[in-house]
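Peer 1: Sequence and predicted structure, then a few things I'm wondering about:
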Amino acid sequence: MTRNAGAKKQTRPRILHLHSTFAAGGKEIRCAQLINAFGNKVEHEIVSAVPESMEARALISGKLPVTYPDDFPSLQGKPLPPRLLRIAKAMKPYDLVLTYNWGAMDAVMAHTLFGDALKLPPLIHHEDGFNEDEQEKLKAKRNWFRRLALGKTSALVVPSEQLEEIALEVWYQPMTRVKRISNGIETRAFAKKPKPDALTGLVKQAGEKWVGTLAGMREVKNLPRLVRAFAGLPDDWRLVIVGEGPERQAIEQEAIRLGISDRVHLPGFAANPARYVGLFDIFALSSDTEQFPISVVEAMAAGLPVASTKVGDVAEMVSEANVRFITDKANAAELASALQALAEDPALRKSVGEANRVKALEEYDQKVMIDSYRRLYSSAMGQVIAR
């Protein structure tokens, strides 16, 4: 579908979303949540820097006024003035521009350079984390670029304390511009116990216990680490990795190498985690980098204990009872020990999971998140997004 570059005639706000990718990861899931929550009171157009990566599109209600323009200037390329000017001009028909992560930073720079001259709509940037090439150390050139590009944004939104600190101390953003909004979910949707066949293509058999995770199969998620950590659990345990991506073969090969391929299941991507997360007995996260992973909140809402590498805000997200199972990612044995301790003690799994459920209900319900974004976007546009 092509863009309508004409004058604004609609009465409801028109929002442009420029994503680094629109795969079904944390930021994309949140974007879909907000679009669904705003309903038909807002028009949305979504562009991905990786056009073939649009899996999160399936999470958005087909009844809403959401389109996916195919003629928007590419978000990839050298940040030269002619290209940035083309991007800037393409922003003009909207009431608000929302950009996401490093992959959309050229659009942020275009807005800063040409926004005043072209009288562009306000822009709000969202940073949810970093790719593999910045998981250990941020790149100096990118830090410099971000400092310049973010100079005229209406706001910079981050979901975690760690990212808030980076925004303030590394990117030199003023406190008035940086907004920390924790990710939230519909916590009560995870309370119901799923049926054994709730996860398409896989049925939980009587007597089985599952270590589960939700993750795009990318290198940064380090899922072979999880396979290794799981390998020592008893034969009645299964590892279920819900997701898709380029690392699928590496995960399968590690399971074969360890002789546990019959206990490692990769059912692919599955929408609506509330339908099946409750099938897990333990939720596990093996990532090299995260910020505020929604999957952890979903697991907590389902009453699960969490065994995870200590990345981003995970140790602060979980209940106090769960903190001991958040492990040093540099020590592979620690994640295995955390899984072992939880696997061998059903009462411990139950008590830690219940503490997580209570905290999720109190702190991470999506209503708080949606209201915060509604106020922020409405304030930037100068018009209210109606309930």
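Peer 2: Alright, I've got the coordinates.

Peer 1: Near Ala332, how many other residues are there?
Peer 2: Residue neighbour count, defined by other C-beta atoms under 10 Å, stands at 16 for Ala332. To be clear about C-beta, it is placed using only N, CA and C from the backbone, and glycine gets the same treatment.

Peer 1: let me fix that: Lys89
Peer 2: 15.

Peer 1: check contacts around Ala110.
Peer 2: For Ala110, the contacting residues are 84-85, 87-88, 91, by C-beta atoms under 8 Å, 6 or more residues apart in numbering.

Peer 1: any chance of these in JSON lines, with pLDDT and distance to Thr289 too?
Peer 2: Converted to JSON lines, the contacts of Ala110 look like this (pLDDT from 0 to 100; distance: C-beta to C-beta, whole Å):
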{"residue": "Leu84", "pLDDT": "98", "distance to Thr289": "29"}
{"residue": "Leu85", "pLDDT": "98", "distance to Thr289": "34"}
{"residue": "Ile87", "pLDDT": "98", "distance to Thr289": "28"}
{"residue": "Ala88", "pLDDT": "98", "distance to Thr289": "31"}
{"residue": "Met91", "pLDDT": "98", "distance to Thr289": "30"}
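
Peer 1: looking at it, Ala229 is touching Leu335, isn't it?
Peer 2: Yes. Using C-beta atoms under 8 Å, Ala229 is in contact with Leu335, at 4.2 Å.

Peer 1: Now list whatever residues contact both of the two.
Peer 2: With C-beta under 8 Å, 6+ apart as the test, Ala229 and Leu335 both reach 284, 286, 307.

Peer 1: ok, of the residues you listed, which one's closest to Leu168?
Peer 2: Checking these against Leu168 with C-beta to C-beta, the nearest one is Ser286 at 29.2 Å.

Peer 1: and Gly6, what pLDDT?
Peer 2: For Gly6, the pLDDT comes out at 45.

Peer 1: how close does Ala255 get to Ala231?
Peer 2: Distance from Ala255 to Ala231, counting by C-beta to C-beta, to the nearest Å: 8 Å.

Peer 1: Comparing the two, which shows the higher neighbour count?
Peer 2: Ala255 (23 against 18).

Peer 1: Okay, and that one sits in which element?
Peer 2: Using DSSP states H and E, Ala255 sits in helix 248-257.

Peer 1: Give me the sheet partners of the helix or strand following that helix and which way each runs.
Peer 2: Going down the chain from helix 248-257, the next helix or strand is strand 264-265, by DSSP H and E. Using DSSP bridges, the strands paired with strand 264-265 are strand 237-242 (parallel).

Peer 1: all helices for this protein, in order.
Peer 2: For the chain, applying DSSP state H gives helices covering 26-38, 81-91, 105-118, 140-149, 161-169, 223-230, 248-257, 294-301, 314-317, 332-343, 346-363, 366-381.

Peer 1: Looking at these, which one is packed in the most?
Peer 2: Most buried of the helices of the chain, by mean neighbour count (mean count of other C-beta atoms under 10 Å): helix 294-301, with a mean of 27.

Peer 1: Just the CA atoms of stretch 342-355, as PDB, please.
Peer 2: Taking Å, rounded to 0.1, in the frame of the first residue of the first chain, the C-alpha atoms of stretch 342-355 are listed here in PDB:
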ATOM      1  CA  LEU A 342      14.000 -25.100  41.000                       C
ATOM      2  CA  ALA A 343      13.500 -28.400  39.200                       C
ATOM      3  CA  GLU A 344      14.100 -30.600  42.200                       C
ATOM      4  CA  ASP A 345      11.800 -28.600  44.600                       C
ATOM      5  CA  PRO A 346       8.100 -28.200  43.600                       C
ATOM      6  CA  ALA A 347       7.300 -26.300  46.700                       C
ATOM      7  CA  LEU A 348      10.000 -23.800  46.000                       C
ATOM      8  CA  ARG A 349       8.800 -23.300  42.400                       C
ATOM      9  CA  LYS A 350       5.300 -22.700  43.700                       C
ATOM     10  CA  SER A 351       6.300 -20.100  46.400                       C
ATOM     11  CA  VAL A 352       8.700 -18.200  44.100                       C
ATOM     12  CA  GLY A 353       6.100 -18.200  41.300                       C
ATOM     13  CA  GLU A 354       3.400 -16.900  43.600                       C
ATOM     14  CA  ALA A 355       5.600 -14.100  44.800                       C
END
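
Peer 1: returning to what we had before: could you dump the contacts of Ala110 to CSV with distance to Leu118?
Peer 2: Listed next are the contacts of Ala110 as CSV, based on distance: C-beta to C-beta, whole Å:
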residue, distance to Leu118
Leu84, 11
Leu85, 9
Ile87, 11
Ala88, 6
Met91, 8
